[in-house]
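# kindly generate the corresponding structure for this input.
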Amino acid sequence: MPRQIRGAPRSGFSTPPVVPRGALGSEIRRALCPVCGRHAGFRREVISGVVVARTNYWEFERDPNKAFGIVQTTTGRGTMSIGVPFSPEEDQDNFYPLVKHHLISAVQEWIAKGWLTEQELLGGAQPVAPGPRQRPVTPREHPPMPKVTPPTTEDVETAWEALKARIQGWGRPRPQDAARMLENFERVYHLDPGILQAPQDLIEDYKGVERSDFGDAEEYRDARADAWEEFTDALDEVEFDEDEEFDEDEE
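Take a look at the predicted model:
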């Protein structure tokens, strides 16, 4: 029996159809996600090293019941647990206002460029994909950018209560995480300098508690506990002026 030639199709199996690649200099087109900026076009399906099909990445069904986010836990050796969904109300890392900002900005951009109408946005008409030869919209044809209603004092206070409850509910001090969350909150809502200055200073005071400054470990632990408690108590003292105007980050 002659030896099977390497790479040749086995007896009894049909050879999959080969999808030819584009010639040198041919165009490869991809669409950009308006929210995250990632680009995708056609994906190749490969069997035994042979491209047998090309599928459009964007031909997928949206899941209207998907969660806002997922939580995973490391299980060792580079593996992760199955993701547990969480809602914006359970957001502990200030993801929600940032994701919301990027989503609103993407919608504003598409409206401004004429790629999306307010009627389509409100569900009054089915979106229609533009034809391949549609003339691009020039900057002079751009409609005015719609203004996003800035958050009210009540909105900011609600978000602050959620952030504060999260920090005060930690089982142990986490100064780095707390400092990051306060910084993000201050940036997203464009808070006036000084509103969060007191708790931010107390975080630095906590970090400044050194073991070498105490005679024994118990005094050191007590000093750290007192410093953290002073910081968490200061979160309750933060107040937002009713007359202050807030704005979401537009970067």
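# CA only for contacts and neighbour counts going forward, please
Fine.
# quick one: pLDDT of Ser48?
We have a pLDDT of 65 for Ser48.
# quick check: which element contains the residue positioned nearest the centre of the chain?
Geometric centre of the chain, nearest residue: Val99, 5.0 Å, by C-alpha atoms, centre = their mean. Val99 belongs to helix 95-112 when elements are defined using DSSP states H and E.
# before we move on, what about Glu61?
Applying DSSP H and E, one finds Glu61 in no helix or strand.
# tell me how many other residues crowd it.
6 (other C-alpha atoms under 10 Å).
# quick check on it: phi, psi?
phi -90, psi 130 (degrees, to the nearest 10).
# before we move on, back to that, quick one, what contacts the residue nearest to the centre of the chain?
Neighbouring residues of Val99 by C-alpha atoms under 8 Å, 6 or more residues apart in numbering: there are none.
# ok, now Arg166?
By C-alpha under 8 Å, 6+ apart, the contact set of Arg166 is Gln92.
# in terms of helices and strands, where is it?
In the assignment (DSSP H and E), Arg166 maps to helix 153-168.
# for that helix, list every residue counted as buried.
Residues of helix 153-168 classed as buried: Thr153, Trp160, Leu163, Lys164, Ile167, Gln168 (neighbour count, 16 or more other C-alpha atoms under 10 Å).
# check stretch 199-216 too.
Of the residues in stretch 199-216, those buried (16+ other C-alpha under 10 Å) are Pro199, Gln200, Leu202, Ile203, Tyr206.
# may I see those residues arranged in TSV, with distance to Pro193 and secondary structure as well?
Formatted as TSV, those follow (distance: C-alpha to C-alpha, whole Å; DSSP: H, G, I helix; E, B strand; the rest coil):
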residue	distance to Pro193	secondary structure
Pro199	13	helix
Gln200	11	helix
Leu202	16	helix
Ile203	17	helix
Tyr206	21	helix
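# with distance to Asp222 added, can I get those in TSV?
Shown next, in TSV, are the buried residues of stretch 199-216 (distance: C-alpha to C-alpha, whole Å):
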residue	distance to Asp222
Pro199	19
Gln200	21
Leu202	16
Ile203	16
Tyr206	12
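# any low-confidence regions in the stretch 151-251 of the chain?
Within the stretch 151-251 of the chain, the segments meeting pLDDT under 70 span 242-251.
# show me where it has helices.
Assignment of helices within the stretch 151-251 of the chain using DSSP state H, counting those that start in this stretch yields the ranges 153-168, 175-188, 197-207, 217-235.
# between those, which one is nearest to Met80?
Nearest of those to Met80, taken as C-alpha to C-alpha: helix 175-188 at 21.8 Å.
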